[in-house]
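J.: sharing a model that was predicted from the sequence below.
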Amino acid sequence: MINIRRSEERGGGSYGWLNTRHTFSFDQYYDPKFMGFRSLRVINEDVVAPGEGFPTHPHRDMEIITYVLEGALEHKDSLGTGSVIRPGDGQRMSAGRGIRHSEMNASRTEPVHLLQIWIMPDQPGHEPSYEQKAFPEAEKRGQLRLIAGPDGKQGSVTIHQDAKLYVTLLSAGQEVAHELAKGRYAWLQVAKGAVELNGQVLSQGDGAAISDEAKLSIKGKEDAEVLLFDLA
């Protein structure tokens, strides 16, 4: 079963410095039918104006992944971490018992376009931590590249949940396949372009909740960047 969440149905809005779209209920947007999917709680697509961003604020008990599509995002946190997240990077912050951080557009002239992803942890009270790795384009071109998972396999960043995040870059006509183990679920998010998912067309900003599907076929309708979550 594939249930599609169309881009134009998402919540959010434009606030001058921020254009945001919420796949699931978040902040002032509430829809009881879209509170998350399995352990996946938030997918926000944000475009942040030059020199703007999210000032220091707290989080706890959440696995937070920031995936930059265009531009660069400057991260600082109460652990003393200071980094710049760029396209192709896999980044996660485990908020655990509590952490404070800021995320600001690293450019004074260009916007930054990103996906902010929250995954609920397997239990509360983990030690707060931060991890960031670069994943070259060649590793994602025409194949699914694991960038986050529960055990750090294949050089992925480690999250405290039985969930895996894959990314692929597809040209028109390119196809990748993913097998879902019995009892597993998936969420597919189209970050750029358009694809066919088991014959159904999804475009930029669309997502799909997937259950009771043994095999997923993802085929590029045009140049596309896709995130695939394999979930317990």
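T.: All right, it came through fine.
J.: verify the stated contact: Pro100 with Asp77.
T.: For residue 100 the amino acid is Arg, not Pro. Yes. Under the criterion of CB atoms under 8 Å, Arg100 makes contact with Asp77 at 6.5 Å. Where you see a C-beta, it was placed from the backbone N, CA and C, and this is true even at glycine.
J.: who has more neighbours out of these two?
T.: Counted by other CB atoms under 10 Å, Arg100 and Asp77 do not tie: Asp77 has more neighbours, with 20 against 15.
J.: the more buried one pairs with what?
T.: On DSSP bridges, the residues paired with Asp77 through beta bridges are His101.
J.: what of Lys133?
T.: Beta-bridge partners recorded for Lys133 (DSSP bridges): Gly90.
J.: what about the residue minimising distance to the centre of the chain, which helix or strand?
T.: Residue closest to the mean C-alpha point of the chain, counted by CA atoms, centre = their mean, is Ile117 at 4.4 Å. If you go by DSSP states H and E, Ile117 is part of strand 112-119.
J.: how would you label Glu8: helix, strand or coil?
T.: helix (DSSP: H, G, I helix; E, B strand; the rest coil).
J.: now the strand holding Ile117: how far from the chain's centre is it?
T.: Taking CA atoms, centre = their mean, to the nearest Å, one finds the center of strand 112-119 at 5 Å from the center of the full chain.
J.: what pairs with it, parallel or antiparallel?
T.: So strand 112-119, judged by DSSP bridges, has these partners: strand 40-48 (antiparallel), strand 63-70 (antiparallel).
J.: for Ser25, find the nearest of the ones you listed.
T.: strand 40-48 (8.8 Å; CB to CB).
J.: who touches the closest one?
T.: Under the criterion CB atoms under 8 Å, 6 or more residues apart in numbering, residues 10, 12, 17-24, 26, 35-36, 62, 73, 104-105, 111-120, 163, 187, 189, 205, 207, 229, 231 lie in contact with strand 40-48.
J.: tell me the mean pLDDT for that strand?
T.: Mean per-residue pLDDT for strand 40-48: 98.
J.: next helix or strand past it?
T.: Sequence order places strand 53-59 as the next helix or strand after strand 40-48, per DSSP H and E.
J.: elements contacting that following strand?
T.: Packing partners of strand 53-59 (3 or more CB pairs under 8 Å, 6 or more residues apart in numbering; DSSP states H and E): strand 73-77, strand 99-105.
J.: out of the ones you listed, which gets nearest to Arg92?
T.: Closest to Arg92 of the helices and strands packed on strand 53-59, according to CB to CB: strand 73-77, at 11.1 Å.
J.: for Ile2, find the nearest of the helices and strands packed on strand 53-59.
T.: Nearest of those to Ile2, taken as CB to CB: strand 73-77 at 31.3 Å.
J.: which residues make contact with that closest one from outside it?
T.: Here strand 73-77 makes contact (CB under 8 Å, 6+ apart) with 48, 53, 56, 66, 81-85, 91, 93, 99-106, 112, 114, 130.
J.: spatially nearest residue to Arg38 (excluding sequence neighbours)?
T.: Leu231 (4.1 Å; CB to CB, 6 or more residues apart in numbering).
J.: actually Gly152, not the one I typed
T.: In space, and not counting its chain neighbours, Gly152 is closest to Thr158: 4.3 Å by CB to CB, 6+ apart.
J.: what residues are bridge-paired with Ser129?
T.: Beta-bridge pairing of Ser129 under DSSP bridges involves Ser94.
J.: who touches it in this structure?
T.: Applying CB under 8 Å, 6+ apart, one finds that Ser129 lies in contact with Leu79, Met93, Ser94, Gly96.
J.: try 10 Å this time
T.: Shown in contact with Ser129 (CB atoms under 10 Å, 6 or more residues apart in numbering): Asp77, Leu79, Thr81, Arg92, Met93, Ser94, Ala95, Gly96, Ile99, Thr158, His160.
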